[in-house]
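Asks: Structure, please.
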Amino acid sequence: GRGRFRRPISESDIPAYRHKIIPLSAWGGLAEDFKAYEAGDGYSRNPLFRTAMKPLDFNLPAGIPQTGSVIVLATFAKSAEVEFTVNKTVRRVLVPFQYFQDDWTEDKLKGVIRKDILKGAAGRLVPVSKRVPLKYLAGRSGLGTMGRNNLIFVEGMGSDCLLHAFATDATLAGDALGEIGLLGECRGCHLCLNACPTRAIGRTAFSVDAGRCITLFNERPGEFPNWILPSMHHALMGCMKCQDICPENRRIPELRIALDAVTEEHTRNILGNKPDEPLTALLRDRLRLFPDVTPVDFHPILRRNLGVLLRA
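Replies: Have a look, this model is predicted:
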């Protein structure tokens, strides 16, 4: 792929964020187009995936007028590593950037938007990241292009980015909407396809068979299917195999955050069977978990995933 020969990017040239503005006058049309997108080849038909995506829609909070806008942002994100101690041996574990709170808190994002995008203009600013289809909006707005691994790539960040969206009643100059572009560097390059441990990435369409993607299974409680082998796991949550091998991503310096280490005692407690609020509170701090994580949801998943990694 041509991406192997593009100029490397220095750390100082990585943008902190990029953004696009979607006028709400185009919002209804996007909602209709998304229905066709859901029925197309780029959107997995796997029932588990469909269930997870079902809450996403184009319904915005009350009080945002048709003259308002949606601001879609990509912030540069760094993955993290955390040390667990087992039998007096330190094991370093990867935590992909999607699974912990980085420096881009909601308040910080709002502050940047008000200063740099709204430029001091008064108005409501409502986070809608959890309710809208972010990848679709990023692609249609031109914020990013779709890679073969069905992830959004943003210029200067690769796929090392988190997507966010905010609705505002401010009338802003909108960016032109287009079709979702495909990353040109993927043409003729199949490195991510070959690196995927479960062969979930398609050879022709820029799509992923979600029913074979490790991420879909290690984000949810329950036993792993027997075709997901222990050796296929390499991160506490999610999977970074297709992103780590990507030539476009390898242009970006590998920058990692070190999270606070987890002691041997706490590691033993994680591998125990009973969800424990004090332990989850500690891990919420050490692993910088999002505030709404609860022991009932998180502990069984963490116990299972960490157990597989430590046995590998």
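Asks: For the rest of this, base every contact and every neighbour count on C-alpha atoms.
Replies: Will do.
Asks: any idea of the mean pLDDT for whichever helix or strand Gly111 is part of?
Replies: Assigning secondary structure by DSSP states H and E places Gly111 in helix 106-112. Averaging pLDDT along helix 106-112 gives 96.
Asks: Equivalent analysis for stretch 263-270, please.
Replies: Mean predicted confidence for stretch 263-270 is 92.
Asks: For it, buried residues please.
Replies: 264, 266-267, 270 (16 or more other CA atoms under 10 Å).
Asks: Go through those and say which is closest to Tyr43.
Replies: Nearest to Tyr43 out of the buried residues of stretch 263-270 is Ile270 (CA to CA; 35.4 Å).
Asks: What are the neighbouring residues in contact with that closest one?
Replies: Residues counted as contacts of Ile270 (CA atoms under 8 Å, 6 or more residues apart in numbering) are 279, 299, 302-303.
Asks: re earlier: determine the set of other helices and strands touching the helix or strand following the helix holding Gly111.
Replies: Sequence order places strand 125-127 as the next helix or strand after helix 106-112, per DSSP H and E. Here strand 125-127 touches strand 161-168, going by 3 or more CA pairs under 8 Å, 6 or more residues apart in numbering; DSSP states H and E.
Asks: Keeping just the C-alphas, turn the strand it packs on into CSV.
Replies: Extracted in CSV, the C-alpha atoms of strand 161-168 (Å, rounded to 0.1, in the frame of the first residue of the first chain):
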residue,chain,number,x,y,z
CYS,A,161,-8.5,9.1,17.5
LEU,A,162,-11.7,9.3,19.5
LEU,A,163,-14.9,10.7,17.9
HIS,A,164,-17.2,13.1,19.7
ALA,A,165,-20.3,15.1,18.7
PHE,A,166,-22.0,18.2,20.3
ALA,A,167,-25.3,19.8,19.3
THR,A,168,-25.6,23.6,19.5
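Asks: Contacts made by the next helix or strand after that strand with the rest, please.
Replies: Stepping forward along the backbone from strand 161-168, the first helix or strand reached (DSSP H and E) is helix 191-195. Helix 191-195 has contacts (CA under 8 Å, 6+ apart) with 148-149, 199-203, 241-243, 245-246.
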